[in-house]
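Enquirer: Pasting the sequence and the predicted model now:
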There are 2 protein chains.
Amino acid sequence: MTYAAPGAFAPVPRIVSEARLMEVDRPTLVLDVDRVEEQFRALEAGLGRTRIHYAVKANPHPKIIERLVNLGSHFDAASRGEIELCLSQGADPADISFGNTIKKVSDIEFAAHVGVTLFAADAEEELEKIAAYAPGSEVYIRLIVENSQADWPLSRKFGCKEDKLMGLLAHARDLGLRPVGLSFHVGSQTRRADMWTGVLDHVAGLWHAARAEGFDLDLLNIGGGFPAFYGEAIDAPAVYAARVMALVTERFGDVPRVMAEPGRGLVAECGVIIAECLLVSHKSDLDAHRWVYLDIGRFSGLAETEGEAIRYQFITPRDHDAHGPCILAGPSCDSADVLYEKRPVSLPMSLRAGDRVIIRNAGAYTSSYSSVGFNGFPPLDVVVL
Amino acid sequence: MTYAAPGAFAPVPRIVSEARLMEVDRPTLVLDVDRVEEQFRALEAGLGRTRIHYAVKANPHPKIIERLVNLGSHFDAASRGEIELCLSQGADPADISFGNTIKKVSDIEFAAHVGVTLFAADAEEELEKIAAYAPGSEVYIRLIVENSQADWPLSRKFGCKEDKLMGLLAHARDLGLRPVGLSFHVGSQTRRADMWTGVLDHVAGLWHAARAEGFDLDLLNIGGGFPAFYGEAIDAPAVYAARVMALVTERFGDVPRVMAEPGRGLVAECGVIIAECLLVSHKSDLDAHRWVYLDIGRFSGLAETEGEAIRYQFITPRDHDAHGPCILAGPSCDSADVLYEKRPVSLPMSLRAGDRVIIRNAGAYTSSYSSVGFNGFPPLDVVVL
């Protein structure tokens, strides 16, 4: 199955019909945790025995964590705060990976104290911090990979290049740590499973080379990249996940422990944002460009529109009217708070101030990115159905 | 007086010496409200009878608002939240301008209800909202101006082009509003007063034309743009402000009401951020690039490093050691959380994890931009001396 174009999306999901009627006084993210469960089961069906470590940063709402704990999910945490959150919802510390390669030593110490035993690293100094504050832990080394096929590609910020891998594995061992595996990330929102091929080829070569050097690797962390539907066709989650795992098995063989870190792919489609149109205007009588301003912008929940990378879809009460292009912007007095300008958005020409605008598939990387109060606007509100 | 290069900055400001010793467990903005007062008095000295409307969005800390109320400042608010904040600290609603051109109708209604009488607009629909929810109010029309000389230039998001001006003034009048003036913005961080010349020439032409058309304009809002010191020389605030006012008077004559909206220029130099170095690494043994990771990044207070626009300066305990370039990044698992890469930063080669890094002149556009909890990191803490 492949998702069809948005107009053909029928019947209307429960979350959209609820969002159409809900009374709100500010931008509000509506979450459907039952949809998280459906998505988890679909990914699980495709991933087989691979452990799902939910990337908590995608949406740290306690109700999502609680449901995932009940479903047997594992977790990928970026900080002490995320570890505490998972524990508060009943997660077993042994099921939490501390996956940020840039950790505060006090966070490492905390993690070790509560029973987290698995850490990511990509540099000598990080290994030394882990050895000092979580001695004897398992570590996996994150690699930089080329990932230009993702919609939200990852920069060079994370991971080491391949020439450093053997040295870091040896350094970990010399420090008394247990270097058990490798990790990488194909880039967020990698829309097709086949886009993983090149990256997997590259990492598999390093995996086999490290084992040949005597490092007894038994953990492969394939990271995230699982996509959500933002208007361009994607494979259904079970199909996508199964295809990725087939590609992994072809290249790595029978790895004892495989872990995956879906975030967006698990929760994006489980949330919609209720927003409001604040203003429709033209800058000049000589200029055909229509500007539409919403009550939510880059600093209040839509951070991923930076560079127009993630392209949300919109539902309005006037969708049956004629559409036309517009530049879409947020409500703040910050000129950088423009959502889509290079590639305008198509919205009803009749749209006006006061109209409700529902932003689809906005469950990931929205509420937690929201600013505490930029321009005096409250943070994105969150309601769980 | 002109600020000298950072090394020559002596004696060490009180805020830096306090920040060196303060015990913190997370990134913390330290504010010196006495410095806000000094800066206010300096700007006031240069601006003469121009009313200062502090741009609250630059830093909405209640202690700053309280001090400015006591000093007789007026305020520029972007939202209901900012109006409520000013009122809570004792501001007179008649001293508050609702300067956002994109307002929620419920916010307009609230503002009118509490006694705010001055509103900005740049479009027909905005005027209609104001006329409906704050009937009879004073409005000023915001113009788009060219401002390529600012370090954080404003896009086309705000203001109308000049061909719409007369129509909007007439529309306001026809709606029963009082179209009293014009506003513009030269762009944030306009480092030299002489950079205002072209913009002022342009707006003055429109001002005189509107008056010739029979619009009895008596309010000129010159906006913000007042700079802070980020390493490149700027004029001292009193000198800068006096020069701007001289340029204004030359072009506009004796305008009954002139208002200015300094934000950054009032508070940036009144705050420093205490941060910590989390990791220093190299991605490859063949690659000379040094990466330095801090415990604060674009999503936790340093949003203005987007596009490397605002270039902060850093103080470390190893500043007497040899320096070298580095790529500077934040702590989150987000690849966009890189602060400076195209133009690397010079930091001590001996810098290591655990070192305190003080970020100078970080009092504006930091704490309120901070996310509520991205990656599980708490928002930027704020301490007032």
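Expert: Okay, I see it. Residues are numbered from 1 along each chain as shown, chains lettered A, B, ... in the order given.
Enquirer: Just the CA trace of stretch A:354-365, in PDB.
Expert: Extracted C-alpha coordinates of stretch A:354-365, given in PDB (Å, rounded to 0.1, in the frame of the first residue of the first chain):
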ATOM      1  CA  GLY A 354     -10.300  34.000  11.800                       C
ATOM      2  CA  ASP A 355     -10.500  30.800   9.700                       C
ATOM      3  CA  ARG A 356      -9.300  27.600  11.400                       C
ATOM      4  CA  VAL A 357      -6.300  26.000   9.700                       C
ATOM      5  CA  ILE A 358      -5.500  22.400  10.600                       C
ATOM      6  CA  ILE A 359      -1.900  21.300  10.100                       C
ATOM      7  CA  ARG A 360      -1.800  17.600   9.300                       C
ATOM      8  CA  ASN A 361       0.800  15.100  10.500                       C
ATOM      9  CA  ALA A 362       2.400  17.400  12.900                       C
ATOM     10  CA  GLY A 363       3.000  15.000  15.800                       C
ATOM     11  CA  ALA A 364       6.800  15.000  15.500                       C
ATOM     12  CA  TYR A 365       9.300  17.800  16.300                       C
END
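Enquirer: contact partners of the helix or strand where residue A:344 lies?
Expert: Secondary structure assignment for residue A:344, by DSSP states H and E: strand A:338-348. Strand A:338-348 has contacts (Cβ atoms under 8 Å, 6 or more residues apart in numbering or on different chains) with A:289, A:292, A:294, A:297-298, A:302, A:305, A:308, A:311, A:314, A:316, A:318-319, A:321-330, B:155, B:157. Any C-beta I mention is one placed from the backbone N, CA and C, and that applies to glycine too.
Enquirer: Give me the subset of these that lies in strands.
Expert: Among the contacts of strand A:338-348, the ones falling in strands (DSSP state E) are A:292, A:294, A:314, A:323, A:324, A:325, A:326, A:327, A:328, A:329.
Enquirer: could I get these as TSV with distance to residue A:179, neighbour count and pLDDT?
Expert: What follows is these, written out as TSV (distance: Cβ to Cβ, whole Å; neighbours: other Cβ atoms under 10 Å in any protein chain shown; pLDDT from 0 to 100):
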residue	distance to residue A:179	neighbour count	pLDDT
A:292	52	25	98
A:294	48	24	98
A:314	47	21	97
A:323	55	16	97
A:324	57	15	96
A:325	53	15	96
A:326	53	21	97
A:327	50	21	96
A:328	47	25	97
A:329	48	28	97
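Enquirer: who's in contact with the next helix or strand after the strand holding residue A:344?
Expert: Next along the chain after strand A:338-348, taking DSSP H and E as the criterion, comes strand A:356-359. Where contact means Cβ under 8 Å, 6+ apart, the residues beyond strand A:356-359 that reach it are A:16, A:19-20, A:272-277, A:294, A:296, A:302, A:312-317, A:351.
Enquirer: swap in stretch A:195-212?
Expert: Taking Cβ under 8 Å, 6+ apart as the rule, stretch A:195-212 contacts A:143, A:145-147, A:149-150, A:162, A:165-166, A:169, A:182, A:184, A:186, A:190, A:217, A:220, A:225, A:244, A:247-248, A:251-252.
Enquirer: Nearest to chain B: which residue in the stretch 151-300 of chain A?
Expert: Going by Cβ to the nearest Cβ, chain B is nearest to residue A:281 of the stretch 151-300 of chain A, at 3.3 Å.
Enquirer: What strand or helix carries that residue?
Expert: Take DSSP H and E as the rule and residue A:281 turns out to sit in strand A:271-282.
Enquirer: quick one: that strand to strand A:338-348, angle?
Expert: 80 degrees (axes from the mean of the first three to the mean of the last three Cα atoms, to 10 degrees).
Enquirer: all helices of chain A, in order?
Expert: Assigned by DSSP state H, the helices in chain A fall at A:14-21, A:33-47, A:62-70, A:80-88, A:105-114, A:124-133, A:165-174, A:197-212, A:237-252, A:264-267.
Enquirer: which of those sits most buried?
Expert: helix A:264-267 (a mean of 28; mean count of other Cβ atoms under 10 Å in any protein chain shown).
Enquirer: and of the ones in strands among the contacts of strand A:338-348, the nearest to residue B:365?
Expert: residue A:329 (18.3 Å; Cβ to Cβ).
Enquirer: and the stretch 1-150 of chain A, which of its residues are near chain B?
Expert: For the stretch 1-150 of chain A, the residues in contact with chain B (Cβ under 8 Å from any Cβ of the partner chain) are A:25, A:55-57, A:60, A:77-85, A:99-106, A:122-126, A:129, A:144.
Enquirer: try it again with 7 Å
Expert: Residues of the stretch 1-150 of chain A found near chain B (Cβ under 7 Å from any Cβ of the partner chain) are A:56-57, A:60, A:77-79, A:81-82, A:85, A:100, A:102-105, A:122-123, A:125-126, A:129, A:144.
Enquirer: Filter the contacts of strand A:356-359 down to just the buried residues.
Expert: Among the contacts of strand A:356-359, those buried by neighbour count (16 or more other Cβ atoms under 10 Å in any protein chain shown) are A:16, A:19, A:272-277, A:294, A:296, A:302, A:312-316, A:351.
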